[in-house]
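Undergrad: Starting from these lines, generate the structure:
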Amino acid sequence: MNKNLPFIYFLIIIVSIACSQNSIGIFKGNNDIGKTGLKGSVIYDSKNESYTISGSGENMWFDKDAFHYVWKKIEGDAAISTELNWQGNGVNPHRKAGVIIRQNLEPGAAYADVVVHGDGLTSLQYREIENGQTHEIQANIKAPDKVKLERTGNYVYMSVGVKGEDLKSAGGCFKLELSEPYYIGLGVCSHDSTVSESAIFSNVKIKQLDKNIVGEKMVESTLETINIESTDRRVVFNTKSHIEAPNWTSDGKTLIYNSNGLLFKIPVEGGAPEKINTDFADKCNNDHGLSPDNKQIVISHHTKDDSKSRIYTLPIDGGIPKLVTKNAPSYWHGWSPDGNTLAYCAERDGQYDIYTIPVNGGKEIQLTDTEGLDDGPEYSPDGKFIYFNSVRTGKMQIWRMNADGSKQTRVTNDEYNNWFPHPSPDGNWIVFVSYEKDVEGHPANKDVMLRIMPAAGGEVKTLTKLFGGQGTINVPSWSPDSKQIAFVSYKLVSK
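TA: Alright, predicted model coming up:
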């Protein structure tokens, strides 16, 4: 008998373990993240190039994680995609399986994932900072057969697909900064630390991406809502058309937005957009809104004679627009709560200021008269004040004045350029969009934040970070219950 056999067997076992840890198909390792209750595992089928991953764990949410992760390290921009099938009916409908990028393998790490829940809910989850809270952007498609997570620059995006169709963008993006290298891979969480759940991942692909978009660019638009308490987001509609500036109808069921000079409406729960009849007004910009009684729409339309914006009103279900402002350019932003007066930004003799005018037309009244741009006027729900943004102190900041233009007072004073203040219907909050300090004007396709502050004054908080700007939240877009805001995010893609 060969006395070296036990040692040889020992070496074979060690080598097998090392190989299993260093090569699992296209991945290099696998382990449980956090306290999972039951040990997870992965089985790689080299013939079908599929991965059966079993995982336990209480959740992938809040500031901690508990799941099984199959991973490799990577640098640069990348995308990971897979077809995904749950095994069995499952115990908890909140079990999660999907594609994941993480800063490291410690629980509480910054991360993003696209996960399919046991009940079909699909979302882009993200944690911006270590041990911070997890938030999500819910897709408007349930139980897809395939998912993709893309990291481009400092943004993460999700795509989903159903059997027999290609992956399509599900909309929504978030700014997530990861240092390199980071981890990319697949994960499963049972949402019950006493149970192990399994999913099969097939046709798994990891692709390095070029940061620079080659050739002609186009904008992809996503209409979303955000809950101001949880800051979780939900996709209403994603399109390759350029859309802007959602308004929320008073029944809470419909959103109205502009695209290519026209207005459209869409159910808040998602669905097919429907064009609103604006008759001759086919060059509407993003300065539009609804009357307090929800019976009329106000639009800013570039007339044919001089291509300058003028303000019109029409019935909410569509019709022939009625001219309100003869002078131009005029850009609507606010409707008084009593329904009698419109507030707007207008250029007169080379100077942009805030004006008001009776809703049926008449003499306009100038409320501000300072050097630099005053813009975005909107009434408080009690009609006593008008909020607006002004660059009079060097940076664009939020201001407030009495409805007659008196007592103009600065509301924000920080390093950002703050635009388009929108008071909540209950009068408790002001939401606005913020650009970085070096950005002039309110251009499109920039890193921006939606921020919120108490109307009575106090701490300014960031609701979310996104790629947007012009068109994101130019007009009143609060839900009637003051719990949500509608907005548009964007993505640049190659044509």
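
Undergrad: For residue 334, list each beta-bridge partner.
TA: When bridges are called by DSSP bridges, residue 334 pairs up with residue 343.

Undergrad: I'd say it and residue 385 touch.
TA: No - contact between residue 334 and residue 385 fails when scored by Cβ atoms under 8 Å: they sit 10.6 Å apart. C-beta: built from backbone N, CA, C; applies to glycine.

Undergrad: who touches both of these two?
TA: Common neighbours of residue 334 and residue 385, using Cβ atoms under 8 Å, 6 or more residues apart in numbering, are residue 379.

Undergrad: Strands along the stretch 51-200 of the chain, start to end?
TA: Taking DSSP state E, counting those that start in this stretch to define them, one finds strands in the stretch 51-200 of the chain at 60-61, 64-65, 67-74, 78-87, 96-102, 111-117, 122-127, 134-138, 146-152, 155-161, 168-175, 182-189, 197-208.

Undergrad: tell me which residues of the last one are tucked away?
TA: Residues of strand 197-208 classed as buried: 197-201, 204, 206 (neighbour count, 16 or more other Cβ atoms under 10 Å).

Undergrad: Go ahead and flag the most central residue of the protein.
TA: The centroid of the chain falls nearest to residue 172 when counting by Cα atoms, centre = their mean (4.4 Å).

Undergrad: Can you tell me who residue 410 pairs with across the strands?
TA: Residue 410 has these beta-bridge partners by DSSP bridges: residue 399.

Undergrad: Show the pLDDT at it.
TA: You'll see residue 410 listed with a pLDDT of 97.

Undergrad: Now for it: which residues touch it?
TA: Contacts for residue 410 were tallied using Cβ under 8 Å, 6+ apart; they are 393, 397-399.

Undergrad: Burial check on the closest residue to the residue nearest to the centre of the chain other than its chain neighbours, number of neighbours?
TA: Leaving out its chain neighbours, the residue that sits closest to residue 172 by Cβ to Cβ, 6 or more residues apart in numbering is residue 137, at 3.7 Å. By the measure other Cβ atoms under 10 Å, the count of residues near residue 137 is 27.

Undergrad: pLDDT below threshold where in the chain?
TA: Filtered on pLDDT under 70, the chain yields the residue ranges 1-22, 212-215.

Undergrad: Would you map the helices across it?
TA: Ranges of helices in the chain, per DSSP state H, are 5-22.

Undergrad: So what are the structural domains in it, by residue number?
TA: Here the domain assignment for the chain is 27-208, 217-494, based on automatic domain parsing.

Undergrad: How are the strands of the stretch 301-450 of the chain distributed by residue range?
TA: Assigned by DSSP E, counting those that start in this stretch, the strands in the stretch 301-450 of the chain fall at 309-315, 322-323, 330-335, 341-348, 351-358, 365-366, 374-379, 385-390, 397-402, 409-410, 417-423, 429-435, 446-454.

Undergrad: Between the two ends of stretch 118-126, what distance do you get?
TA: Chord length of stretch 118-126, first to last residue, is 19 Å (Cα to Cα, to the nearest Å).

Undergrad: Buried by neighbour count: which residues of it qualify?
TA: By neighbour count with 16+ other Cβ under 10 Å, stretch 118-126 contains the buried residues 118, 121-126.

Undergrad: Could you do stretch 405-419 as well?
TA: By neighbour count on 16+ other Cβ under 10 Å, the buried set for stretch 405-419 is 405, 408, 411-412, 416-419.

Undergrad: cool, and stretch 270-290?
TA: 273, 276, 278, 281, 283-290.

Undergrad: Distance from the chain centre to stretch 96-107, please.
TA: Centroid displacement of stretch 96-107 relative to its chain, using Cα atoms, centre = their mean, to the nearest Å, is 21 Å.

Undergrad: ugh, wrong one, I meant stretch 69-85
TA: Relative to the chain's own centre, stretch 69-85 is displaced by 22 Å; criterion: Cα atoms, centre = their mean.

Undergrad: related to what we said a few turns ago, of the buried residues of strand 197-208, just say which sits nearest to residue 73.
TA: Nearest to residue 73 among those: residue 206, at 11.2 Å, using Cβ to Cβ.
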